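S.K.: Predicted model and sequence below, questions to follow.
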Amino acid sequence: MPTALAAAQLAFAIGALSFTPILFRLSELGPSATTLYRTLLAVPIFMGWLAVERRRAAAAGLRLAVSWRREGLELFLASLLFAANILAYAWALHFTSVANASIISNLAPIFVLLLSFLLFGERPSRGFIAAMLAAVAGVALLSYGKDGAGEAGLLGDALAAGSAILFGGYLIMLARLRQRLVAPAIMIWIGTLSSIGLLACALAAGEPLLATTLRGWAALLGLAVVSYALGQGLLAAALAHLSAAFSSVGLLSLPAISALLGWVLLGEPLSLAQAVGGAIVLGGIFFARRAGR
């Protein structure tokens, strides 16, 4: 049953992460400061999770404490990739549409497969590759008619593409760390190290660091609890039993869910092409799961 539980964790992680672009848009702060609070406010939540995890960690043969001699470099690289990923995504949302940013930044499976092959020699099955390509085609169809505006839109799309590459590398590092450490221990250090870098970016950009209204603070807290603690935390937990390649394909459903949320919460209706694209994405994920067993 571990795989079934991991699949459920991945599904809940995707649901939580789908609210990320909407919460980013509701933030009163700049992109760098918003990403800072997204990670920093979630660290105490992971500390509480770590306290609860002690018994199960011993039974699963996983460690609670980080060995900096063994995992220090991997944790640093994972934190660097994650911070750069969410910063690029936040700035992409600043320049292009929610749909474009969500769609382009979730093309990580291409880079996960490429990096897994180049670095570790992992060869996915033909069925898995076919299902992944179908899901990517669905994402392309989902983006039909959702162009950014002018040069700013192109810059936003380029940042979203950079976010996809960075997130692919982050998933690979996270999957490797999960073979030895419990999820909350990893997320505490990634959140802490990322926050240091994001604070430096926010100060360098001259962005204000304090929201002025309760709505602004609610958006920041929502990003920390829903997007980071639940979304990234459950994703880290699922990666103990699911491959980074399959998880990245599952995350392709994020644009479809975000499009539906945009329809319900922001009044952005879906076209027929987008609805068909969303169906193709979900079908590709289903067949990738079957091919990856």
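M.R.: Sure thing, it's come through.
S.K.: Setting aside sequence neighbours, what's the nearest residue to R54?
M.R.: Using Cβ to Cβ, 6 or more residues apart in numbering and skipping residues adjacent in sequence, the residue nearest R54 is L64, 6.3 Å away. C-beta here means a position set from N, CA and C on the backbone, and glycine is covered the same way.
S.K.: Tell me how many other residues surround that neighbour.
M.R.: One way to gauge burial is a neighbour count; for L64, by other Cβ atoms under 10 Å, it gives 14.
S.K.: Could you do A204 as well?
M.R.: Close neighbours of A204, defined as other Cβ under 10 Å, add up to 9.
S.K.: helices and strands of this protein: which one bottoms out on pLDDT?
M.R.: helix 54-60 (a mean of 65; mean pLDDT, DSSP states H and E).
S.K.: I'd like to know which elements the helix or strand where A160 lies is packed against.
M.R.: Following DSSP states H and E, the helix or strand that holds A160 is helix 150-177. In terms of contacts (3 or more Cβ pairs under 8 Å, 6 or more residues apart in numbering; DSSP states H and E), helix 150-177 is packed against helix 68-95, helix 98-105, helix 108-120, helix 244-250.
S.K.: from the middle of its chain, how far away would the next helix-or-strand element following that helix be?
M.R.: Proceeding C-terminally, helix 150-177 gives way to helix 183-204 as the next helix or strand, assigned by DSSP H and E. Centre-to-centre, helix 183-204 and its host chain are 15 Å apart (Cα atoms, centre = their mean, to the nearest Å).
S.K.: wouldn't I103 be in contact with I257 here?
M.R.: No. Between I103 and I257 no contact is recorded; they are 11.7 Å apart, counting by Cβ atoms under 8 Å.
S.K.: neighbour-wise, which of the two wins?
M.R.: When neighbours are counted by other Cβ under 10 Å, I103 and I257 differ, and I103 comes out ahead with 28 against 18.
S.K.: pLDDT at L223, what is it?
M.R.: Model confidence at L223, expressed as pLDDT, equals 92.
S.K.: Might you report the residue contacts of it?
M.R.: Each residue near L223 by Cβ atoms under 8 Å, 6 or more residues apart in numbering is listed here: T20, L23, F24, S27, T34, Y37, R38, L41.
S.K.: Report the separation between the first one and G222.
M.R.: Spelled out, that is T20. With the distance defined as Cβ to Cβ, to the nearest Å, T20 ends up 9 Å from G222.
S.K.: Compare the two (neighbour count), which wins?
M.R.: Looking at T20 and G222 with other Cβ under 10 Å, you find the greater number of neighbours at T20, namely 27 against 20.
S.K.: Below-threshold pLDDT in the stretch 101-250 of the chain: ranges please.
M.R.: Using pLDDT under 70 as the threshold, the predicted model of the stretch 101-250 of the chain has low-confidence ranges 109-110, 114-122, 139, 142-153, 244-245, 248-249.
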